[in-house]
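Colleague: build the 3D model from these lines:
(chains A and B)
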Amino acid sequence: MNSTVSSEERLARIRLNAFLYFRADWLARLLEIFGSAQEILKQDAQTLAREANLNPSTAANLLKEAFSINPQEEWDKTEKLGGHIYLPEDEEYPQSLRNCKEAPVAIYVLGKLPADQQACVGMVGTRKITPYGRRVATKLAEGLAQCGVVIVSGLARGIDSESHAACVRAKRPTVGVIGTGIGRCYPPENRALEKAILEYGGAIVSELPFNRPPNAFHFPRRNRIIAALSQPVVVIEGEVKSGALITAKLALEQGKDVLAVPGPIDSPQSGGPNSLLAQGAGVVSNVADILEYIPQAQRFGLDMRFFEHNVQTPQKPEETLSEREAQVMHTIADGQLSLDQVALAIEADVPEAAELLFNLEVKGFLACENGLYSKNKF
Amino acid sequence: MLANATAATIKGIEGFAVSVEVDIAPGLPNFAVVGLPDAEVKESKERVTAAIRNSGFDFPLKRITVNLGPAELRKSGTQFDLPIALGILAASEQLSAPAREKIKDFLVLGELALDGSLRPCAGVLPMLISCKTLGKMAIIPPANALEGQISSAPFITPHTLRELADYLEEKIPLETVQLAYVPTEEITPQTTLDFNEVKGQALAKRALEIAAAGGHNVLMIGLPGTGKSMLAKRFPGILPPLTQDEALEITKIYSICNLLGKSRLLTNRPFRDPHHTISDVALIGGGSTPKPGEVSLAHNGVLFLDEFAEFSRSALEVLREPLENGHVTISRAKETVSYPARFTLVAAMNPCPCGNLGNPLKPCTCSPTQVTRYKNRISGPLLDRIDLTVNLNPVKFTDWKQGTEGETSAQIRARVLAAREIQKKRFAGTSTTANAFMTSAQLKEFCKLPSGADTILESAMRKFGLSARSLDKILKTARTIADLEGKADIETKHLIEVMQYRPLDRKGVADL
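Modeller: Numbers count the residues shown, from 1 in each chain, chains lettered A, B, ... in the order given. Next up, the predicted model:
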């Protein structure tokens, strides 16, 4: 970090960054008016309100929030976790984020952020994932990761987790932008996933103070960072009113391309992407559809084979299915079936059906949720 | 003058003889009961006074002291009315000398109504059984005659205090009853509910069959209306019949709780289904004078907890001890008692608060957090004690219509009995009764992994996030499945089937 920002100013910026009820570009404007964060924090609320034309109570809140955290402690805790706090002046601060109108005043980063020339694709979607969404997220994220693209997502439940997990399984880096401080893990079951992301050279990013707990308004706010870091943004599943669509909207405002995965019209989870498609979003039916939207400048180093539509992602050696197993796969087709239904259809007793389903699940052909089996692969 | 009678009281599920000493001395009229009596024993003073008067005797206006010995044992129950009344009649010399002598040969139990008639009291059966060694004839209320017969102790059943006094004076005869109660017929459960009435749900039926065969606990998760309660109610019908000892044990517990009603020996395995608002004390037993709770009433039978996740957290946590040890120990400031509670837990719950998660026809309106929170109400340690978890899904109309007539309870029960027979031989000479209760040494001896199963187990553990601790459960359950097939060794396919009954997926975490 060889930037020009003095350490006092750095700490003052961290203080300023703690005021979350304010759009980041307003903070940038304040910085412009007063010249530095230190200067802002020296003012009393009235002066601040007068000079910057703020509501007096907002100004008072800003000062209150700013002084409620201990920036040195934030810094020390972040360093202790092996992380960093970057300001827009630092070279590690991503250029794409700096270009964003609402660039965060400071970002907390664990792990290594992708380089500016690195192709990054945002993948967002519902927390209430369906088997279809799971298949699609896994397939696309896996293909993109193998091709050399970094997936940016939000480390939430559902599509986010599946996308990150697919990258981790491919042992490729991925970036998780989280809606809590980096000192926390939310949802808690993703602790192992977070660890794995860091292990494979990915990064965990947050603009929130170190220990900030999850809060509903944090999530739409962090979505702009996902949008800023990616080009294009892919919406996999999401209801018509959902966080995924907020991300899509923010991405469009930032001039990013938004792509959507078409889904069944009777699935509420596909309502969001389908409506985006109706509005002119790009259709995603395979990895190549996404790669087309990656800017030329970022294509260097990507596995070019994937750019050709007719080349599918390299298949793992296909495991052969027994006749009975094939029968089960045929029965399940695109639906969600219970063991009872499978057993009835293929005329097996419970032990035999159990054995067939177990083998198919362990091999990865099927996924089981709440006792219902569905296809896990294309 | 001093008089003596013998009565009994209950501690835990055992009876203890109590000597009732009555002393009548000159002095200001006073009536005191000493010797750790409980509230209902102290109240007996009023009933005894009225009953003596209304039976045509005089209540002595003297200084009456009643001592219940041994003094350190707590006396509870209403059965002390009759021995106290008899003692007072003897001590006030309203009974003749030969009649007074005879009282010593009896074990006297009974609650008195104010008119002097005998009312039934709780716990007669265990008291009679425990006091058989005294070699005394028992006097019990007529309403308790049925349970008296099971005890195979001799007894008479006078209807009133007056009748008893006349009998002692040899004015009237009373019939002595003594049954050597050895039912020659097999104790067969009578239930009108049959498994073939449940359409579909082959997996759940199979899980219940395994549970019945090995004494495993079951958790059924399913949408409302998928037949969870229906299946649970039919579960006792496929359990093996009660043995003599088991039947006697549960009859004793029901006797203590005064729940025997008109039945003699309980021949059906108990099926208890408390409502989910039950308090922990009602579930586990307790109170200042400890009483058995639902877990003990379900002893040797089935405890069905519907809406499992709606039970209060503390009520669920107290289940851990009986599930582990097969008994509950209740400690109060005054005493510590132990009740047997070896039951099969059958629990049922919805997959989410709205009940529609996984329903193909109706969308679930719960947020993922709500679902996780709902599932997390069942704590890990409790889930560890449940060997079989099964998901129930709605039966489609077409399946329902064309669904073949399933097996009858009798058919399933025959297989269960065969599997139990194998286990009886296996555990002969030990206290273990079924596969589910195997000790770790027995687990090592009887549940050897088949060759080549290591890789399967490893991939399953990784895939399903199973802990090493759950391996024991898997092995025990696989043992039962092997027993159902009559196989001497656990085979790989048995282990694979157990994977179908793995615990509820509480995380929804992506595979790494």
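Colleague: near residue 347, how many other residues are there?
Modeller: This is for chain A. Residues near A:E347, counting by other CB atoms under 10 Å in any protein chain shown, number 9. For glycine as for every other residue, the C-beta is placed from the backbone atoms N, C-alpha and C.
Colleague: you answered for a different chain; I wanted chain B.
Modeller: Quick note: B:A347 (other CB under 10 Å) scores 25 neighbours.
Colleague: who does it bridge with?
Modeller: Beta-bridge pairing for B:A347 (DSSP bridges): B:L219, B:L305.
Colleague: quick check: it vs chain A, distance?
Modeller: Using CB to the nearest CB, to the nearest Å, B:A347 is found at 16 Å from chain A.
Colleague: got the contact list for that residue?
Modeller: Contact partners of B:A347, counting by CB atoms under 8 Å, 6 or more residues apart in numbering or on different chains, are B:N217, B:V218, B:L219, B:M220, B:F304, B:L305, B:D306, B:F308, B:I386.
Colleague: against chain A, how distant is the second one?
Modeller: If you measure B:V218 against chain A using CB to the nearest CB, the figure is 14 Å.
Colleague: now do the third one
Modeller: Plainly put, B:L219 is 12 Å away from chain A if you go by CB to the nearest CB.
Colleague: does that residue touch B:L388 like I think?
Modeller: Yes: between B:L219 and B:L388 there is a contact at 7.1 Å, judged by CB atoms under 8 Å.
Colleague: what comes up buried for the longest strand anywhere in chain B?
Modeller: Counting by DSSP state E, the longest strand found in chain B is strand B:14-25. By 16 or more other CB atoms under 10 Å in any protein chain shown, the buried positions in strand B:14-25 come out as B:E14, B:G15, B:F16, B:A17, B:V18, B:V20, B:E21, B:V22, B:D23, B:I24.
Colleague: make JSON lines from those residues and add distance to A:L360 to it.
Modeller: Listed next are these as JSON lines, based on distance: CB to CB, whole Å:
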{"residue": "B:E14", "distance to A:L360": "56"}
{"residue": "B:G15", "distance to A:L360": "60"}
{"residue": "B:F16", "distance to A:L360": "62"}
{"residue": "B:A17", "distance to A:L360": "67"}
{"residue": "B:V18", "distance to A:L360": "68"}
{"residue": "B:V20", "distance to A:L360": "73"}
{"residue": "B:E21", "distance to A:L360": "78"}
{"residue": "B:V22", "distance to A:L360": "80"}
{"residue": "B:D23", "distance to A:L360": "83"}
{"residue": "B:I24", "distance to A:L360": "86"}
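Colleague: closest to chain A among those?
Modeller: Among the buried residues of strand B:14-25, B:E14 lies closest to chain A (CB to the nearest CB), at 44.3 Å.
Colleague: now do the end-to-end distance for stretch B:54-62.
Modeller: Length of stretch B:54-62, first residue to last, CA to CA, to the nearest Å: 18 Å.
Colleague: buried stuff in it?
Modeller: B:N54, B:S55, B:F57, B:F59, B:P60, B:K62.
Colleague: please list which of these are also close to chain A.
Modeller: Near chain A, judged by CB under 8 Å from any CB of the partner chain, there are no entries from the buried residues of stretch B:54-62.
Colleague: nearest to B:A143, out of the residues you listed: which one, please.
Modeller: B:S55 (18.6 Å; CB to CB).
Colleague: burial measure for the spatially closest residue to that closest one that is not a sequence neighbour, as a count.
Modeller: Once flanking residues are discounted, B:S55 sits nearest to B:G116: 3.7 Å by CB to CB, 6 or more residues apart in numbering or on different chains. Using other CB under 10 Å, B:G116 has 24 neighbouring residues.
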